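> here is a sequence together with a model predicted from it:
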Amino acid sequence: MAVNPWQPPYDHHAAAAPGAGEPQTTYGITEEIEGDARLKNVVETAVGNWNTVLREVGAQGDLIKRGTQSWPSEPDAAAIQLSLGEVTNPFGLGGGLTTPDCGGPDGNVCKETVTFDRETIRDLDEDSGVHLVAHELGHALGLDHSKYPVADDEVMSQEGTMGVAPPTKPTQEEARAVLALYGGSAS
Ligand SMILES: [Zn+2]
């Protein structure tokens, strides 16, 4: 069996919807993203790409759905909340993740807020935008960065995408790693 090049599980991941027959988690977007057709499309493409590859490796339905779950602090919040803000870091990346609300038996099931830098994400071409959202979704779903050596097609690579087209969807290995975290049976 090949060595899994990722580092799952991450230290936390978005919650699976309680009582769902199939593994499922929810995402939500702010009104600011909702009102920006181009950005909303970038988000929906990234979510769709994850769901497509997750199905390819055995998910029975869409693992990531628009919706809400139940949280003690915020009863009608999605497990993965996508928002815009000002994100600055030394790498000049356009996204950041916080973990404001974790629980579960091991304390590692979380409501995640992903914040994209407002200026950066609006300047990106479509593929780069989808890559950024798909990458941050991968973190929210529970994946850390790829380990070396990394392949150009891995969405969880921490490498820059200079000179190569940024991958806009996860590899099947990345999807299998996520499915394992949500109790799905990857094929
Ligand atoms: Zn990252």
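Cool, got the structure.
> could I get the contacting residues of Asp101?
Under the criterion of C-beta atoms under 8 Å, 6 or more residues apart in numbering, the neighbours of Asp101 are 71-74, 110-111. C-betas here are computed from N, CA, C, even on glycine.
> contacts for the longest helix that the chain contains?
Ordering each helix of the chain by length in residues (DSSP state H) puts helix 37-56 first. Residues outside helix 37-56 that contact it (C-beta under 8 Å, 6+ apart): 27, 29, 33-34, 59, 61-64, 82, 121-122, 126, 129-130, 133-134, 137-138, 141, 168-172, 174-175, 178-179, 184.
> list buried residues within those.
Buried positions within those, assessed by neighbour count (16 or more other C-beta atoms under 10 Å), are 27, 29, 33, 59, 62-64, 82, 121, 129-130, 133-134, 137-138, 141, 168-171, 174-175, 178-179, 184.
> those residues in strands, which ones?
Secondary structure defined by DSSP state E assigns 27, 29, 64, 82 of these to strands.
> pLDDT at the residue nearest to the spatial centre of the chain, what is it?
Ranked by distance to the mean C-alpha position of the chain (C-alpha atoms, centre = their mean), the top residue is Leu137 at 1.0 Å. The per-residue pLDDT reported for Leu137 equals 93.
> swap in Thr98?
Per-residue pLDDT puts Thr98 at 70.
> where are the low-confidence patches of this protein?
Within the chain, the ranges that satisfy pLDDT under 70 run 1-12, 17-21, 89-93, 99-100, 104-108, 148-150, 159-164, 184-187.
> can you give me the helices in it?
According to DSSP H, the helices that the chain contains are 31-34, 37-56, 118-123, 126-141, 172-181.
> sorry, back to before: can you say which two of the ones in strands among the buried ones among the contacts of helix 37-56 are spatially most distant?
Using C-beta to C-beta, the pair of these lying farthest apart is Ile29 and Ile64, separated by 12.2 Å.
> rewinding a little: now the ones in strands among the buried ones among the contacts of helix 37-56 as CSV including distance to Arg55?
Listed next are these as CSV, based on distance: C-beta to C-beta, whole Å:
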residue, distance to Arg55
Tyr27, 17
Ile29, 22
Ile64, 11
Leu82, 21
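> ok, these vs Glu154, which is closest?
Distance from Glu154 was checked for each of these by C-beta to C-beta. The minimum falls on Ile64, at 18.7 Å.
> quick check: that closest one touching Glu22?
No: counting by C-beta atoms under 8 Å, Ile64 does not reach Glu22; the two are 12.0 Å apart.
> beta partners of Phe116?
Under the criterion DSSP bridges, Phe116 forms beta bridges with Leu84, Gly95.
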